[in-house]
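J.: can't give you the sequence, but here's the structure:
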């Protein structure tokens, strides 16, 4: 007689509870890291004789205290969303790309340069798409080069992307201070302006440019790509175990190249909006550090494209309150960078706590 083992199917509610328990780990630990960094920064402020409570109040007032402040926060958040995607997409394959600032700089520079010959000779409906394509292509090629170096030469993508940022910065400075400098602007080296007619307007009823909408749409599309397509499934397998991915016949090289190119395109698009919606020309203002703050945004969001949007707004509020903090607390504008640095270090340390708490594990695990 053959023994038959009967298994009792799990209850749907129990499965849902287990999933929520496991998923809550990726919310609780980052929030705990933010709280720990806030406590450390409070000690820093107390050592300077400043009130942490006043500092928090100024961040709230400068970031969300009025309609104008909130709209300025959204303007700061727009490039952060796109540069965070430049980190989040390669991260799905286990890559740490930190050179999104370089793609933003070259994207904005390419957008301005390609528009200059057409200013006054073509309508904005033709110039703006051309600028966007140039910015996306420049960013894709720049970060795509990181993927090429990683796949074909085995060069660490963190180092290569950072070095490429310095090259991109030098390229911008070389041209805006030399052959492409606008002679009518002696104070700040810049390219020729793209013209007021070729500037992107604000979203109706706000002072926020369309880069915010583009960033949100990009996050949704990237989330679908990474979570609802075979490409995203293959990327997750590659990020988990490259050898297993190769053993299964997955095109690891193609995944690396396509992911880095898409990541660079997102950062290049951020450069386009910085030129076409804010600056009106390419100059050193493109070096605002959005690419580096985007690294923190992506890590806080756990490289989840949908979570990037609220995190970018949070970091945008901190950045936009820097001037208010400088005036009211008599602290340097760079004080918010100290806070962001603490947040990033504590966040990296918190990664060691994942999987260590029984409360987040499934029952019976």
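T.: Here it is on my side, so go on. Since this is a predicted model, take the numbers as computed values, not measurements.

J.: what about the helices in the stretch 1-150 of the chain?
T.: For the stretch 1-150 of the chain, the helices defined by DSSP state H, counting those that start in this stretch occupy 12-47, 52-64, 67-91, 100-115, 124-153.

J.: swap that for the stretch 251-365 of the chain, please
T.: Going by DSSP H, counting those that start in this stretch, the stretch 251-365 of the chain shows helices at 252-273, 290-300, 305-320, 322-329, 335-350.

J.: Need those helices in CSV (columns: mean pLDDT, distance to residue 213 and mean neighbour count).
T.: No exception for glycine: its C-beta is placed from N, CA and C like everyone else's. Output for the helices of the stretch 251-365 of the chain, formatted as CSV (pLDDT from 0 to 100; distance: least, C-beta to C-beta, whole Å; neighbours: other C-beta atoms under 10 Å):
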stretch, mean pLDDT, distance to residue 213, mean neighbour count
helix 252-273, 97, 10, 27
helix 290-300, 95, 17, 26
helix 305-320, 95, 11, 23
helix 322-329, 87, 25, 17
helix 335-350, 90, 25, 18
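
J.: a markdown table for the ones you listed, including distance to residue 119?
T.: Below are the helices of the stretch 251-365 of the chain laid out as a markdown table (distance: least, C-beta to C-beta, whole Å):
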| stretch | distance to residue 119 |
| --- | --- |
| helix 252-273 | 16 |
| helix 290-300 | 26 |
| helix 305-320 | 31 |
| helix 322-329 | 32 |
| helix 335-350 | 36 |
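
J.: Just tell me which of those helices ends up closest to residue 90.
T.: helix 252-273 (5.3 Å; C-beta to C-beta).

J.: sorry, back to before: could you export the helices of the stretch 1-150 of the chain as CSV, including mean neighbour count, distance to residue 271 and mean pLDDT?
T.: Output for those, formatted as CSV (neighbours: other C-beta atoms under 10 Å; distance: least, C-beta to C-beta, whole Å; pLDDT from 0 to 100):
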stretch, mean neighbour count, distance to residue 271, mean pLDDT
helix 12-47, 14, 28, 81
helix 52-64, 17, 24, 92
helix 67-91, 25, 8, 96
helix 100-115, 30, 3, 97
helix 124-153, 21, 5, 97
